[in-house]
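1. Using only what follows, build the 3D model:
(chains A, B, C and D)
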2 protein chains.
Amino acid sequence: MVKNTNKHIKSIPRMFEQVTQQIIDHIDSTPLEPGQKLPTERQLSELLQVSRSSVREGIKVLELLRFLDSKQGEGTFVASSPPYMIPSRVINKTIPMPELEHYFEVALMCAKTIILSFLKSEEPLPDQQERDSFWENFYQVVSSFGKRLPNPYFHSLWEESYQLLTANQYFERKQQPFEWSELDTAIQKRDLQKIFYLLDLVGISGS
Amino acid sequence: MVKNTNKHIKSIPRMFEQVTQQIIDHIDSTPLEPGQKLPTERQLSELLQVSRSSVREGIKVLELLRFLDSKQGEGTFVASSPPYMIPSRVINKTIPMPELEHYFEVALMCAKTIILSFLKSEEPLPDQQERDSFWENFYQVVSSFGKRLPNPYFHSLWEESYQLLTANQYFERKQQPFEWSELDTAIQKRDLQKIFYLLDLVGISGS
DNA sequence: GTCGATTTGTTCGTATGTATC
DNA sequence: TGATACATACGAACAAATCGA
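-> You can find the predicted model right below:
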């Protein structure tokens, strides 16, 4: 268990965050299938060398994410219902590729909705700073549009999935589907048809 | 809070679930604005008549949802960053209308993606049972399509937002935008253009 | 149907690390 | 530097639910 004494590292990893990851790791490495039973809280607390209280805080979080399911008098089980998208701050471990692709599809769905909604609103386009890579430009535009929408959840979902993808170096391995300037000029012209043609290309493009 | 058990009994809501709701209630009723400080864990435990451990489990959950932000040595604050979509099992309180509309927009975004993805996959259409209302039919179709997609998150997001909307009687107040048979036959014919024309109508229709 | 073992749910006391003044 | 306020973490104890003998 790493204690962070360094001050200029911003977030001190807290016990329950570490525990959450370690529980996920344990499920993956055992491996435990949906429906199977986890070690008891006391066993986990011994296994991970933390108190039972901390184990419980970690389990609570994973329970909320529909990852686990606890039943008094029985135990804690790996859930079989479809899980939430796991927030990036919960897991630091690298996510394997097919799973990352799922997050990318969600991000892209949000991006389409955000761009369409913003252009429909007829608000003036916010100024953009030209970035190095296609994906950085893409992120910046979607993000700045998303912030300005009345519905905050599109932006929230977009940020969450994008953060998780970059944390896993997804975009370093992903080819850019076309030159950024193509999408940029289409947006400037508010050419919805061209934009959606290009965004479909983004979804198809390989890695 | 009724849980899905095979015993047809109402499960006792657990402390941390009650605590999360009560903390939200407290923030609303005080009211506390983003950035403001919550009572300390000890005060909350006294206020809500539960132990500090239970308060902590509740705070952990709300922190994960970006609803709160705890800093050691300082306190716990109402977050200002855009929140996660709050899972329906966390809050039982009724959500006001403009907020519900946001959830509906997310649900609709997922529905569009799910229907489009499924029809593109060229899988045979699953059998549907005709339901009473437009929205029940709509839910059933999107849900059965969503379950069959390789990406589980579209379905997860759809279910979550739909559950929250029904829990708040959203659809009892919402007009149906057109006859269900219209959308049904368009799906049977896999007429994507007609489908998306209709789904846009769903988004525009008033309540 | 009862008893006992097991497991999660809940509480409390205590100690420690950290930020503010 | 010291004092105070606060979150963080631990461990022991007991309550409640479940299951099998």
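
2. helix/strand/coil for whatever residue of chain A ends up closest to DNA strand D?
-> Closest to DNA strand D within chain A is residue A:73: 2.5 Å, counting by CB to the nearest atom of the strand. For the C-beta atoms, the positions are set from N, CA and C on the backbone; glycine is no exception. The local conformation at residue A:73, judged by DSSP: H, G, I helix; E, B strand; the rest coil, is coil.

3. do the same with residue A:119
-> Secondary structure assignment for residue A:119 (three-state DSSP): helix.

4. Now name the helix or strand holding the closest residue to it other than its chain neighbours.
-> Counting by CB to CB, 6 or more residues apart in numbering or on different chains, residue A:119 lies nearest to residue A:190, which is 5.3 Å off, once chain neighbours are set aside. Using DSSP states H and E, residue A:190 sits within no helix or strand.

5. From DNA strand C, how far off is residue A:190?
-> Plainly put, residue A:190 is 45 Å away from DNA strand C if you go by CB to the nearest atom of the strand, to the nearest Å.

6. again, but for residue A:142
-> To DNA strand C, residue A:142 is 33 Å away according to CB to the nearest atom of the strand.

7. What degree of burial does that residue show, as a neighbour count?
-> When neighbours are defined as other CB atoms under 10 Å in any protein chain shown, residue A:142 has 24 of them.

8. Could I get the full set of helices for chain A?
-> A:15-29, A:41-47, A:52-64, A:97-120, A:134-147, A:152-167, A:170-173, A:180-188, A:192-204 (DSSP state H).

9. Show me what the mean pLDDT comes to for the longest one.
-> In this model, helix A:97-120 has an average pLDDT of 93.

10. so that helix versus helix A:192-204, what angle?
-> 170 degrees (axes from the mean of the first three to the mean of the last three CA atoms, to 10 degrees).

11. For helix A:97-120, which residues meet the burial criterion?
-> A:99-100, A:102-119 (16 or more other CB atoms under 10 Å in any protein chain shown).

12. if I pick the nearest residue to residue A:182 once chain neighbours are set aside, what's in contact with it?
-> Excluding the flanking residues, the one nearest residue A:182 by CB to CB, 6+ apart is residue A:198, at 6.3 Å. By CB atoms under 8 Å, 6 or more residues apart in numbering or on different chains, the residues touching residue A:198 are A:177, A:178, A:182, A:183, A:186.

13. Need the buried ones from these selected in ChimeraX.
-> Buried members of these, defined by 16+ other CB under 10 Å, are picked up in ChimeraX with:
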select /A:177,183,186
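
14. For the contacts of residue A:198, please prepare TSV with the additional fields pLDDT and distance to DNA strand D.
-> As requested, the contacts of residue A:198 are exported to TSV (pLDDT from 0 to 100; distance: CB to the nearest atom of the strand, whole Å):
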residue	pLDDT	distance to DNA strand D
A:177	89	42
A:178	92	45
A:182	94	46
A:183	94	42
A:186	95	46
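
15. where does chain A dip in pLDDT?
-> In the predicted model, chain A carries pLDDT under 70 at residues A:1-14, A:87-93, A:205-207.

16. what does it have sitting close to chain B?
-> By CB under 8 Å from any CB of the partner chain, the residues of chain A that approach chain B are A:12, A:16, A:53, A:56-57, A:60-61, A:64-66, A:82-85, A:87, A:89-90, A:101-103, A:105-106, A:109-110, A:113, A:150-157, A:159-160.

17. among these, which ones are buried?
-> A:16, A:53, A:56-57, A:60-61, A:64-66, A:82-85, A:87, A:89-90, A:102-103, A:105-106, A:109-110, A:113, A:151-157, A:159-160.

18. give the contact list for the nearest residue to residue A:114 once chain neighbours are set aside.
-> Nearest non-adjacent residue to residue A:114, counting by CB to CB, 6+ apart: residue A:146, 4.6 Å away. Taking CB under 8 Å, 6+ apart, we find residue A:146 in contact with A:110, A:114, A:118, A:154, A:155, A:158, A:159.

19. Recalculate using a threshold of 10 Å.
-> A:110-111, A:113-115, A:117-118, A:152-159, B:82 (CB atoms under 10 Å, 6 or more residues apart in numbering or on different chains).

20. Okay, domains of chain A per the record?
-> Per automatic domain parsing, the structural domains of chain A span A:15-78, A:87-204.

21. So the residue nearest to residue A:114 versus residue B:57, what's the distance?
-> 32 Å (CB to CB, to the nearest Å).

22. cool, and residue A:199?
-> From residue A:199 to residue B:57 the distance is 41 Å (CB to CB).

23. ok, back up a step: which of the buried ones among the residues of chain A next to chain B are close to DNA strand D?
-> Filtering these for neighbours of DNA strand D using CB under 7 Å from any atom of the strand leaves A:16, A:53.

24. For burial, what's the neighbour tally of the residue nearest to residue A:68 when sequence neighbours are not counted?
-> The shortest distance from residue A:68 to any non-neighbouring residue, by CB to CB, 6+ apart, is to residue A:62 (4.4 Å). Residue A:62 has 25 neighbouring residues, counting by other CB under 10 Å.

25. correct me, but residue A:62 touches residue A:24?
-> Yes: the pair residue A:62 and residue A:24 passes the contact test of CB atoms under 10 Å, sitting 7.4 Å apart.

26. Show me the residue of chain A that gets nearest to DNA strand C, please.
-> residue A:40 (3.2 Å).

27. Quick check: beta-bridge partners of the residue nearest to that residue when sequence neighbours are not counted?
-> Excluding the flanking residues, the one nearest residue A:40 by CB to CB, 6+ apart is residue A:75, at 6.5 Å. Taking DSSP bridges as the rule, residue A:75 bridges to residue A:71.
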